[in-house]
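Colleague: Model the structure of this input:
(2 chains)
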Amino acid sequence: MEAVNLLSSNKYTEKQIGYLFISVLVNSNSDLISLINNGIKNDLASRNPTFMNLALHCIANVGSREMAEAFASQIPSILVAGDTMDSVKQSAALCLLRLNRTSPDLVPMGEWTARVVHLLNDQHLGVVTAAASLITTLAQKSPEDFKTSISLAVARLSRIVTSASIDLQDYTYYFVAAPWLSVKLLRLLQCYPPPEDAALRSRLTECLETILNKAQEPPKSKKVQHSNAKNAVLFEAIALIIHHDSEPTLLVRACNQLGQFLQHRETNLRYLALESMCTLASSEFSHEAVKTHIDTVINALKTERDVSVRQRAVDLLYAMCDRSNAKQIVAEMLSYLENADYSIREEMVLKVAILAEKYAVDYTWYVDTILNLIRIAGDYVSEEVWYRVIQIVINQDDVQGYAAKTVFEALQAPACHENLVKVGGYILGEFGNLIAGDSRSSPLVQFNLLHSKFHLCSVPTRALLLSAYIKFINLFPEVKATIQDVLRSDSQLRNADVELQQRAIEYLRLSCIASTDILATVLEEMPPFPERESSILAKLKKKKGPGNLPDIDDTRWNVNGSAEHSEDTESTNKSPPSLMADLLPTNRPRPASSSPTLLSAGTMGSSHPFTDLLNLNSTPSAGASLLVDVLSDISTPAPITVSEDNFSRFVCKNNGVIYEDQLLQIGLKAEYRQNLGRIYVFYGNKTSTQFLSFSSSVTSSDTLKTQLNVHAKAVDPTVDGGAQLQQVVNIECLSDFTDAPVLDIQFRYGGTLQKIAVKLPVMLNKFFQPTEMTSQDFFQRWKQLGVPQQEVQTIFKAQHPMDTDVTNAKILGFGVALLIGVDPNPANFVGAGVIHTKNTQVGCLLRLEPNTQAQMYRLTLRTSRESVSQRLCDLLSDQF
Amino acid sequence: MMRFLLLFSRQGKLRLQKWFTPMSEREKKKIIRDMTTMVLARQPRSCNFLHWKDLKIIYKRYASLYFCLAIENQENELIALEVIHRYVELLDKYFGNVCELDIIFNFEKAYFILDEFLMGGEIQETSKQMVNRSIEASDMLQETMEEYMSKPAF
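Modeller: This next block holds a predicted model:
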């Protein structure tokens, strides 16, 4: 309150302190905000430039939504008014820019925009600089409205670059004319394609040439500030040339200039040259020119003292690589990897793996490279890399024999990395027969070699090796007895690890009872994998692009796949559950997708005992018959038109009963993968008589039709008494949605027509993919999603007992990854996931804060899309 | 756009902080810790630029003080380096051969100068004379006020 009084004071010192206090200490939802706003309003209207500046600074410093609401319409008029002082104009332009960044929807575009553009012609260079910042930001959002700024910016730029250094008085910085403004103008021009008007275009080209020429002139001062300012303009000009990507001569000149910098004395310039050459390498005009510098770059990699410069060199090598120089570059990177800094090793491994794959002319070279990679930097070779080499070997017939031979030789080394054992086990298991002809690598030798590594490996690797052994039994009947002995030993059959024990038992039984034919079918060579984007590339993108949430988290699937049966490593990724049962009927829950629901059903102690049973069955049809048995004694009458009763129960789980009356019971079992979903609907006839002319279809509202594709398969028109009918509904999510489709069912029972409508529990959160992230990543993302509309928060009373395990299970069931140890308060729950729709992917972060004393929760959701935040918040808030 | 500017000593003591986007206290603490450890660990004569998350960090050492400025990814590094230098010049001009103690004891002046020079994460006024003139003007205003206040009332 005292601060507000100070603010309204007429004395400068008091006002200044008042503003300082408010800028620093007042948060946006304070009660005082209206009083403060009033004070600011008075100052803005005061026509005293000092007071106006203080007020504008305060708005820019606080920058809250309330302030934007109060002043966003007033500031543009101050900015373009003819009688405003220059310094106030500058503040107003930047203040408006700030408000536009925080609440773009509140800053109205209007006739002032045209007049803002003309500020580029202002006499006062400070005003022009501030205006250029504002226009650049606005032009990025609505390029059309600010098109006229191109010609003004070019004109201004041309006047600056041709001016003698003294013309601009104090705006000349160490003999460079207005470097800040030049950079700003060049940035503004990067919002647009090259100007269409020929005269304008040639004028711009002239400017750029002048800037490039100036770089060749002897420096006017020995000070580093002079060269920095000059080169800042030069680099920005090069950025514009690269952005336009249309003038081959300029591009080549830019490239040559950067080439000079590569050998410059200044570390900063070498760093920047490497960095901007990376972008230059992707232009078709200059790619060749960039390639001529390959030796310098490789040299930089070897001799540069500063790790961040070496990192840029690696980036550039990666960018300039093509078929002609791939072998050289990959070889250089491999040799550098041996003593590279630990911080960049993992990224380098990914890059080498990608380059080797992308530019492999013959696959023998590829296999050699990857094996070398594992040898040199095994610890940094992530799962994706070795999965990928296996994928490629399986898909390329001609390389299989070579690969088998090479891994066999590599495994001879006394100490080899575990990843190598994995690749070796897998490849020999599949293609060991191709080298078995040679007595030096006879089946027994191969087996003994693999088994000699067995005891040194971790559990997943051992599991993989066991699978390789059973494959050996199929490939080489002569070693069957040896392998059976190994499987039969106590260390396998009584292994403390359930997975290993189970495998040993199952494989042993399989090898004893199955005939050769069956063995050959079950253990057949893996079919080729469908071609798809390399998962390594996705991983690299994820590492490099921190701005958006990771695309697809392949790792989770792969890990689970290999833990189940190594043969399934990749196929689990895409295919329906039937594939899971391909090798052995293990009667276990499917690993990845059903475990969260299993957990929720188990810990929630829900009113539906059969959900556990359902989950434990590996195929839907088996689940179906069970459903009937268990359900036949339960009956809850609920005859209504559109039933929504059980709808909300399905938010955090996928299976259960959605509808039940005296005649009919409808059970659901759903599975979702990315933006696709499939629901198995089970109609159980609870009576002893037949239902006739049974039909069921799915209808959606008109809006929903554009957001969700739902397709229900046709069903039999009759359902016998006590029997059950299954219907498959396929769903594709196109964009985010709030509504839900309705299942319309009609049938005749004892002569009367029965109509039932049930809301299908298809909610947005079903299309979640959980995302694991570290707390650092989490808070960074959280911050990035800081625009007020992106956040939805609600506080609600707990409807169920507040049990941590139950809540954990519900959050997992909701579809997000539960992040442990992210929130400093261990009582809070934090989750992250990505919603997959056909059109977009929406990253989502959530936080749930329980207050056990008050029996309340506070739920906060941040996503990049307002509608998504709102919908998810609505869905989740009535679950607790 | 600039995101924040930090000044800290060789011992990692923070001397001035300016945030251009709203941030919670905890985030600020974390960033300050990250910056000091990262920048102080750099070898002499390394380059002045670092990548940190999705930002570029531009730092420079003047005597015992490190100036550390974070800019967005597409911004120009060299010009940011000169932003730092221009700020040092402004401080120098105002204090006359500025040293760390000047900033410790007259931190509010350092902030006012910064406010005149930068606003909302963009450069407001690049002319040294202009900034100095407005700083002097407000100092004048302040001093006349003080004089006015200390006069005995009739």
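Colleague: So what's the residue count around the residue nearest to residue A:311 when sequence neighbours are not counted?
Modeller: Nearest residue to residue A:311, sequence neighbours excluded (Cβ to Cβ, 6 or more residues apart in numbering or on different chains): residue A:344, at 5.4 Å. All C-beta spots, glycine's among them, are computed from the backbone N, C-alpha and C. Other residues within reach of residue A:344, judged by other Cβ atoms under 10 Å in any protein chain shown, total 19.
Colleague: What sits closest to residue A:32 if chain neighbours are left out?
Modeller: Computed as Cβ to Cβ, 6+ apart, the closest residue to residue A:32 that is not its neighbour in sequence is residue A:4, at 5.9 Å.
Colleague: Contacts only, for that neighbour.
Modeller: By Cβ atoms under 8 Å, 6 or more residues apart in numbering or on different chains, residue A:4 lies in contact with A:18, A:32, A:35-36, A:39.
Colleague: Just name the closest of those residues to residue A:396, please.
Modeller: Distance to residue A:396, by Cβ to Cβ, is smallest for residue A:36 among those, at 69.6 Å.
Colleague: pLDDT value on the closest one, please?
Modeller: On pLDDT, residue A:36 comes in at 81.
Colleague: So it, which state does it fall into?
Modeller: helix (DSSP: H, G, I helix; E, B strand; the rest coil).
Colleague: Look at it and say how many residues are nearby.
Modeller: With other Cβ under 10 Å as criterion, residue A:36 counts 23.
Colleague: try residue A:383
Modeller: Going by other Cβ under 10 Å, the residues that sit close to residue A:383 add up to 19.
Colleague: just the one 10 residues further on next, same as before
Modeller: For residue A:393, the count of nearby residues is 24 (other Cβ under 10 Å).
Colleague: Give me the phi and psi for the nearest residue to it once chain neighbours are set aside.
Modeller: Spatial nearest neighbour of residue A:393, chain neighbours left out: residue A:403 (4.7 Å); criterion: Cβ to Cβ, 6+ apart. With angles defined as degrees, to the nearest 10, residue A:403 sits at phi -60, psi -40.
Colleague: what pLDDT, on average, does the helix or strand hosting residue B:129 get?
Modeller: For residue B:129, the host element (DSSP states H and E) is helix B:128-150. Helix B:128-150 comes out with an average pLDDT of 72.
Colleague: what's the answer for stretch B:22-36, then?
Modeller: On average, stretch B:22-36 scores 90.
Colleague: Now that stretch: buried residues?
Modeller: B:23, B:27, B:30-32, B:35-36 (16 or more other Cβ atoms under 10 Å in any protein chain shown).
Colleague: does any bit of it sit next to chain A?
Modeller: Yes: under the criterion of Cβ under 8 Å from any Cβ of the partner chain, chain A is reached by stretch B:22-36 at B:22-23, B:26-27, B:30.
Colleague: from the middle of its chain, how far away would that stretch be?
Modeller: Remark: stretch B:22-36 is offset 16 Å from the chain centroid, using Cα atoms, centre = their mean, to the nearest Å.
Colleague: Using CSV, list the CA coordinates for it.
Modeller: Provided in CSV are the C-alpha atoms of stretch B:22-36 (Å, rounded to 0.1, in the frame of the first residue of the first chain):
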residue,chain,number,x,y,z
PRO,B,22,9.2,-13.9,-15.5
MET,B,23,10.7,-16.7,-13.5
SER,B,24,10.3,-18.3,-10.1
GLU,B,25,12.8,-17.9,-7.4
ARG,B,26,13.8,-21.5,-7.6
GLU,B,27,14.4,-21.4,-11.3
LYS,B,28,16.5,-18.3,-10.9
LYS,B,29,18.6,-20.0,-8.2
LYS,B,30,19.2,-22.9,-10.4
ILE,B,31,20.2,-20.9,-13.4
ILE,B,32,22.6,-18.8,-11.3
ARG,B,33,24.2,-21.9,-10.0
ASP,B,34,24.5,-23.5,-13.5
MET,B,35,25.9,-20.3,-15.0
THR,B,36,28.5,-19.7,-12.3
